[in-house]
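S.K.: give me the fold of what follows.
(one chain, ligands or ions: 1)
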Amino acid sequence: MKQRKLIVGNWKMNPESKDEARKIASDVKRAMKNIRKTNVVICPPFVYLSPLSGVSKGNLFLGAQNANAERLGALTGEVSFSELYQFNVRFVILGHSERRKMGETDEIINKKIKSVVSSGLNAIVCVGESVRDRNGDYFGFIRSQIHSALKDVNRKFLDRIIIAYEPLWAIGAKEAMQPRDLLETSIFIRKVLKDSYGSLSESIQILYGGAVDKINCAQLIEEGNVSGFLVGRESLRPKDFIEIIKIADQI
Ligand code: 13P
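M.R.: Coordinates of the predicted model:
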């Protein structure tokens, strides 16, 4: 089964002003008129979700970069998935290495994933090793990250799960991973999912993230066997981001 492409823009803690955020989002929205086979998600910081809630339409969606697993409560500074849903948020990035570095554990991530999918949203679950050692221990690391992230997730919600493979050494780097190495890893991830869920796992999309740009994106999709990307820096440059979307749409 050929999956629809999915391109996700992770804006992280950018841009600096609401006007810039509006401009990026409206440029992407305009370009989506000619995009047929690709879904696009933009994930701005929380405060821009409300002013941008109107951009989601057709195959353009809004996503968040985090949320709390609880529905509501005395949790100063936190935002819940049900609160986000009202601003048209339909995707949430979870387990990003930058959040893991801030102290998010596998258990917290697993709890959030279960809460996201049961709230009717889609979880973009980030996994990835920090180094590629010669004996291939990173494969075991990726497998255990996937297993702990998806532990006890109800099988009926598997189609709301997206795996974003982001090797830490490629995030913010000059160059992306080599497509042949990505292929080896995406085949491995597919197998880990199949071993756990059989044919049900086929609905889970696998994305790649880490220094994706308009030059390397075609090869990464074609030779890396992924169905899209989690894009950092280039998602803040509308021209380049749109170029990535257009290239993916033509494959
Ligand atoms: P870059 O595309 O800037 O390398 O960031 C990748 C990333 O962390 C997306 O979540």
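S.K.: CA atoms for contacts and neighbours, from now on please.
M.R.: Noted.
S.K.: now the phi/psi pair for the residue of the stretch 1-150 of the chain found nearest the ligand, please.
M.R.: For the stretch 1-150 of the chain and the ligand, the shortest gap (CA to the nearest ligand atom) falls at residue 10, measuring 5.2 Å. Note on residue 10: its backbone torsions stand at phi -100, psi 100 [degrees, to the nearest 10].
S.K.: run a quick neighbour tally on it.
M.R.: Residues lying near residue 10 (other CA atoms under 10 Å) number 24.
S.K.: the ligand contacts on the stretch 101-250 of the chain?
M.R.: Applying CA under 6 Å from any ligand atom, we find that the stretch 101-250 of the chain lies next to the ligand at 171-173, 209-212, 230-233.
S.K.: neighbours around the closest residue to residue 5 other than its chain neighbours, how many?
M.R.: Nearest-residue entry for residue 5: residue 38, 4.5 Å, with adjacent residues in sequence omitted and distances by CA to CA, 6 or more residues apart in numbering. Look at residue 38: counted by other CA under 10 Å, it has 21 neighbours.
S.K.: list the residues that contact residue 38.
M.R.: Contact analysis of residue 38 by CA atoms under 8 Å, 6 or more residues apart in numbering lists 4-7, 59, 245, 248-249.
S.K.: for the residue lying farthest from the centre of the chain, which three-state class applies?
M.R.: The C-alpha centroid of the chain is most remote from residue 74, which lies 28.6 Å away (CA atoms, centre = their mean). Of the three states, residue 74 takes coil under DSSP: H, G, I helix; E, B strand; the rest coil.
S.K.: can you pull the phi and psi angles for it?
M.R.: Torsion angles at residue 74 (phi, psi; degrees, to the nearest 10) stand at phi -80, psi 80.
S.K.: could you check how far it is from residue 20?
M.R.: Using CA to CA, to the nearest Å, we find residue 74 at a distance of 33 Å from residue 20.
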